[in-house]
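In: pasting the sequence and the predicted coordinates here, then a few questions.
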Amino acid sequence: MKRIAFFISGTGGNALNLLRACRDGCVPADPALAISSSSKALGVERLRSERLPVDIILRSAFDDDEAFSTACFASVEAAKIDVICLCGWLKRLVIPSSWEGRILNIHPSLLPQFGGSGMYGMHVHRAVLDAGESISGCTVHLVDNQFDHGRILAQAQVPVMPDDSPEGLQKRIYEQEMRLYPQALADYLVQA
């Protein structure tokens with residue numbers, strides 16, 4: 001069974017969802033570690049309360065993204081991790097070739113639309129509404145060295161309502177994220 005790690009920067013909601021899906025047998029993986037880019041992230045205590053080890057690696061402790069990324073990958077390699085799931089991770093990772101094709105992310109839009117640098121959280125939902133889109137959603141994709149660029153594994157559509165707020169749209173998309181990410185991860189692991 002593949003050992004997986006979750007990378008978080010915030011509440012850890014997607015990580016908790018994936019952790020529980022693994023423990024319930026819906027995802028054939030062994031959650032072994034989480035990495036947080038923030039010591040204040042709510043997800044740190046949430047995951048620790050589920051008995052998952054959490055390493056905190058702060059970007060500010062390193063001179064550049066490459067040194068920070070090296071520390072993150074050293075931590076997962078020490079834990080013998082096979083696959084990484086980004087779950088609200090907000091820091092740039094420089095992906096070494098040994099990790100290409102083994103890192104998944106979930107993004108709150110239908111990529112390639114509304115992705116890229118600065119497109120995260122409410123910024124995405126505001127951009128969707130400002131553009132007058134009628135459909136949004138979420139995307140699970142493989143991570144490469146460009147923001148929100150890797151091969152798309154799965155998507156779920158969510159209608160944009162005429163009177164939508166960014167918060168309302170976010171809530172409906174998040175519900176789809178909770179369904180889509182475990183399903184996409186399970187499919188990925190079966191094929192890996």
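Out: Perfect, thanks for sending it. None of these values were measured; they are calculated from a predicted model.

In: going forward, measure contacts and count neighbours with C-alpha atoms only.
Out: Fine.

In: show me which residues of the longest helix along the chain are buried.
Out: Under DSSP state H, the helix in the chain containing the largest number of residues is helix 166-191. For helix 166-191, the neighbour count (16 or more other C-alpha atoms under 10 Å) marks 166, 169-170, 172-174, 176-178, 180-186, 188 as buried.

In: what is it packed up against?
Out: The contact analysis (3 or more C-alpha pairs under 8 Å, 6 or more residues apart in numbering; DSSP states H and E) places helix 166-191 against helix 13-23, strand 103-107, helix 122-130, strand 135-142, strand 152-159.

In: among those, which is nearest Val76?
Out: With C-alpha to C-alpha as the criterion, Val76 lies closest to strand 103-107 of the helices and strands packed on helix 166-191, at 11.7 Å.

In: partner strands of the closest one and their direction?
Out: Strand pairing for strand 103-107, using DSSP bridges, gives strand 83-87 (parallel), strand 135-142 (antiparallel).

In: residues making contact with the last one?
Out: Outside of strand 135-142, the residues that reach it under the criterion C-alpha atoms under 8 Å, 6 or more residues apart in numbering are 101-111, 128, 148-160, 173, 176-177, 180-181, 184.

In: for the longest helix of the chain, give the mean pLDDT please.
Out: Summarised as a single mean, pLDDT over helix 166-191 is 97.

In: kindly report the same for stretch 64-74.
Out: Taken as a whole, stretch 64-74 carries a mean pLDDT of 98.

In: list the buried ones in it?
Out: Buried, per 16+ other C-alpha under 10 Å, within stretch 64-74: Phe68, Ser69, Ala71, Cys72, Phe73.

In: secondary structure and distance to Gly43 for those residues - can I get that in CSV?
Out: Shown next, in CSV, are the buried residues of stretch 64-74 (DSSP: H, G, I helix; E, B strand; the rest coil; distance: C-alpha to C-alpha, whole Å):
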residue, secondary structure, distance to Gly43
Phe68, helix, 20
Ser69, helix, 20
Ala71, helix, 20
Cys72, helix, 17
Phe73, helix, 20
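
In: ok, of those, which one's closest to Leu93?
Out: Among the buried residues of stretch 64-74, and counting by C-alpha to C-alpha, the member closest to Leu93 is Ser69, at 5.3 Å.

In: tell me the contacts of that closest one?
Out: Ser69 touches Arg92, Leu93, Val94, Ile95, counting by C-alpha under 8 Å, 6+ apart.

In: neighbour-wise, which one of those leads?
Out: In terms of neighbour count, Leu93 stands highest of the contacts of Ser69 at 20 neighbours, by other C-alpha atoms under 10 Å.
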